[in-house]
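In: Give the three-dimensional model of this entry:
(2 chains)
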Amino acid sequence: MNLKCLEQLKKALSEKHPQAKLASDFAIPWEMCPAGMDGDITVNCFRFARNFGCAPDVLAQEAADILQNNEDVQAVSKVKAFVNVSLKPQALFRDSIANMDRLMKDAVLPENQRKRILVEYSAPNTNKPQHLGHVRNNVLGMSLVSVMQRAGHQVIPVNLVNDRGIHICKSMLAYKRCGNGITPEQAGKKGDHFVGDFYVLFNKMLSEEIKQLKEARPELADQSSDELFLETEIGQAAQKMLRDWENGDPETVSLWKTMNSWVFKGFQQTYERMGVHFDKTYLESNTYLLGKETVSENLAKGIFSRREDGAVIADLGKLGTKVLLRKDGTSVYITQDIGTTLLKHKEHNPDVMIWVVGDEQILHFQMLFTILKKMGCPWADSLYHLSYGMVNLPSGKMKSREGTVVDADDLFDEMHELAKKATLERLGDTAEIPEDLEKRSEIIGMGALKFMLLKFNPKTTIMFDPQASLKFEGDTGPYVQYVCARINSIARKAQERGIDAAPEKVDWSLLDSPEEKEIAVMALRYQTALRSSAEKMDCSVLVAYLLDLAKCFNRFYREKQVLNAEDENVRTARLALCFAVRDILSDGLRALTIQIPEAM
RNA sequence: GCACCCAUAGCUCAAUUGGAUAGAGCGUCUGACUACGGAUCAGAAGGUUGGGGGUUCAAAUCCCUCUGGGUGCACCA
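Out: Below you'll find the model as predicted:
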């Protein structure tokens, strides 16, 4: 949906410049008029003058002259190549929130632009519980999926669980030696935390042994822990366990199954709390051998080559060479990813595949995509690594081994408690405690956390300050939720008083203040914000938009009375304006997977 | 050593992808309810966009260079 006067401007300019070559979907771009300038919107001719083949300044004058005589336009002022336009309220609202149905549908892409998109995210290890870093991944992934769906794409979310390898054996070995056969239930712990504790225990025993080793053999003092891993008894035992697992040793496999099931149960609780859902979960224990055959086939075709020692390698030009099969024929990480990618493509036949994975793996994915291109996969150009930065703490980086991680479940609990505390403070001592206090606190707490993580561009390394980040004031989720709650409150009161705000009864020309018109202009930007978030795979665009809209509303709310408006018709119009804001904010928050409490 | 990414207000982040006077929040200071919800609103202070050069009507954004950070360069995942 665009402003009618701009469509007319486009037509008039096209007639004036018949030689102009415009794309079929070309629309005159417009921006919000900056504060201090007179107008509702700005047409920046610098941006598109070349489309009409004339100088920006000249085109601006033409546009100003044309718009001057448009029936929807109140006033026009031209500054350099900028044309500032004030619109008549009835025209502005007619093209904007007077038709909410249309406005909402406009956020959906036209059918020929919709795609089938597979998104892989989360990808946890089953040896420890998830921490803040995983939370960022999960929130980025689930919101991306949801926003893309809202924009009209068909999206398939999948998970690839890292359930095998030496790190899994570490927690298994520690459990075998020190667990005494107890279960998470007996210990009263969530399964993933229970297993994670044994992983920590393993590392403790390992460093103890390394310390002793270094004391006994001073020549090893400069060696790193990783280098000494196989020098230790416990390291060798873990390595043996991995071999036993790969050979299908019944006792090892049985313990592995049991411990994994504990972890899965724990993860499921964490996922449910966040609202994470996958259409399919791949297990690396099932996929880790995939790819070997493919590599062999392509070796035969001459696409890959064999190194002197027998290992199979790929020549990736600038990226260097990459080993795909070890000399003993076993597969490596990227072999598995080649196989899994082919499998995912075969099973789901997507137009686009996205991996939400941290930016330390940028090179890995460049290599993976190059390899698939070399293999001649026709779809290898539509693969995308959505890389995101780390989450740092004021004290520095999070490190599992050093115990400086922020645990996901603990963080959720903390957010919940903070929200509860804030809610109770607002209610005061006298009021009775609302029935839905827990549910409300959960929605506000999780909303604040998700919003905070989505506020930043995914690729940036973010700083998470537990003290500062968890406030509910300013640019936060609760700020936006609060606007919805306020409008809900107005809606309840309106209903009590039997006030109706049916759109057909509204006289929009009554909303002629800057605050009211600004909301109408903002509403027009919703479709762009949502689509742009989906296209750029960056939810922060939508987050920033929702904050902007919420701020506009609060300015309006301070300035103008709704239910106590000076006139019945004004009241109706303002009420309709409130509902429009609430509808957009709710739709946007829902797209980000953030819920809205009835009251706060 | 090589490659990629980053550097913007005291702090955390934006800037419609090259466009008007670089904007928000937090923090600091000053104000605003006899009001439909104060998790709110209005205002002030705070900037040579890390330094230097270049490209043009126009640079935080593009190119070169220097400085300071991060990540990767495993037959780990």
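In: hmm, stretch A:275-290 in reach of RNA strand B?
Out: Yes: between stretch A:275-290 and RNA strand B, judged by CB under 7 Å from any atom of the strand, the touching residues are A:284, A:288. Where you see a C-beta, it was placed from the backbone N, CA and C, and this is true even at glycine.
In: what sits up against that stretch?
Out: Applying CB atoms under 8 Å, 6 or more residues apart in numbering, the contact partners of stretch A:275-290 are A:122, A:138, A:141-142, A:156-165, A:270-271, A:331, A:336, A:338-340, A:342-344, A:347, A:593.
In: Kindly report the same for stretch A:245-253.
Out: A:164, A:169, A:172, A:241, A:244, A:256.
In: Helix or strand next in line after whichever strand or helix holds the last one, which one?
Out: When you say that, I think you mean A:Trp256. The secondary structure element spanning A:Trp256 is helix A:250-274 (assigned by DSSP states H and E). Toward the C-terminus, helix A:250-274 is succeeded by strand A:280-283 as the next helix or strand (DSSP H and E).
In: Got the phi and psi for the residue of the stretch 51-200 of chain A found nearest RNA strand B?
Out: Ranking the residues of the stretch 51-200 of chain A by distance to RNA strand B (CB to the nearest atom of the strand) places A:Phe82 first, at 3.4 Å. The phi and psi torsions at A:Phe82 (degrees, to the nearest 10) take the values phi -100, psi 130.
In: got the contact list for it?
Out: Under the criterion of CB under 8 Å, 6+ apart, the contact list for A:Phe82 reads A:42-46, A:60.
In: Then A:Glu233?
Out: Applying CB under 8 Å, 6+ apart to A:Glu233 gives the contacts A:Glu209.
In: what's the distance between it and RNA strand B?
Out: Per CB to the nearest atom of the strand, to the nearest Å, A:Glu233 is found 20 Å from RNA strand B.
In: ok, now A:Ser509?
Out: When distances are taken as CB to the nearest atom of the strand, A:Ser509 and RNA strand B turn out to be 20 Å apart.
In: right, and that residue touches A:Gln90 too?
Out: Yes: shown here, A:Ser509 and A:Gln90 form a contact pair, counting by CB atoms under 8 Å, at 4.1 Å.
In: Can you list the buried residues in stretch A:304-318?
Out: Neighbour counts over stretch A:304-318 (16 or more other CB atoms under 10 Å) mark A:304, A:311-314 as buried.
In: Which ones among those residues lie within strands?
Out: In this view, the buried residues of stretch A:304-318 that belong to strands under DSSP state E are A:312-314.
In: and which of those residues is nearest to RNA strand B?
Out: A:Ile313 (8.3 Å).
In: contacting residues around the closest one?
Out: Counting by CB under 8 Å, 6+ apart, the residues that A:Ile313 touches are A:304-307, A:321-324.
In: Enumerate the residues of the stretch 151-300 of chain A near RNA strand B.
Out: Contact residues, the stretch 151-300 of chain A versus RNA strand B (CB under 7 Å from any atom of the strand): A:162, A:164-166, A:226, A:284, A:288.
In: Take the residues you listed and keep only those in strands.
Out: With strands taken from DSSP E, there is no overlap with those.
In: Buried among the residues you listed? Make that a ChimeraX selection.
Out: Per 16+ other CB under 10 Å, the buried members of these correspond to this ChimeraX selection:
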select /A:162,164,165,284,288
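In: ok, and the helix or strand in chain A with the lowest average confidence?
Out: helix A:466-469 (a mean of 73; mean pLDDT, DSSP states H and E).
In: Name the residues that touch it?
Out: Residues outside helix A:466-469 that contact it (CB under 8 Å, 6+ apart): A:393, A:406, A:414, A:452.
In: Go again with 10 Å.
Out: Contact partners of helix A:466-469, identified using CB atoms under 10 Å, 6 or more residues apart in numbering, comprise A:132, A:393-394, A:406, A:411, A:414-415, A:448-449, A:452-453, A:462-463, A:476.
In: Is there proximity between the helix or strand just after it and RNA strand B?
Out: Proceeding C-terminally, helix A:466-469 gives way to helix A:477-496 as the next helix or strand, assigned by DSSP H and E. Yes: remark: helix A:477-496 sits within contact range of RNA strand B at A:478-479, A:482, A:485-486, A:488-490, A:493, by CB under 7 Å from any atom of the strand.
In: most surrounded residue in those?
Out: Neighbour counts for the residues of helix A:477-496 next to RNA strand B, by other CB atoms under 10 Å, peak at A:Pro478, which reaches 22 neighbours.
In: Around the closest residue to RNA strand B within chain A, how many other residues sit close by?
Out: Residue nearest to RNA strand B within chain A (CB to the nearest atom of the strand): A:Gly474, separated by 2.3 Å. For A:Gly474, the tally of surrounding residues (other CB under 10 Å) stands at 8.
In: residue with max distance from the center of chain A?
Out: Distance from the centre of chain A peaks at A:Ala216, with 50.6 Å (CA atoms, centre = their mean).
In: Contacts only, for it.
Out: Applying CB under 10 Å, 6+ apart, no residues contact A:Ala216.
In: mind checking the backbone torsions on it?
Out: For A:Ala216, the backbone dihedrals (degrees, to the nearest 10) come out as phi -70, psi -30.
In: if I look at it, how far off is A:Asn488?
Out: When distance is defined by CB to CB, to the nearest Å, A:Ala216 is 70 Å away from A:Asn488.
In: A helix includes A:Asn392, no?
Out: No: counting by DSSP: H, G, I helix; E, B strand; the rest coil, one finds A:Asn392 to be strand, located in no helix.
In: what sits against it?
Out: The neighbours of A:Asn392, taking CB under 10 Å, 6+ apart as the test, are A:132-133, A:398, A:461-465.
In: Tell me where the stretch 51-200 of chain A has helices.
Out: Residue ranges of the helices in the stretch 51-200 of chain A, as given by DSSP state H, counting those that start in this stretch, are A:56-68, A:89-95, A:100-105, A:132-150, A:166-178, A:184-187, A:191-216.
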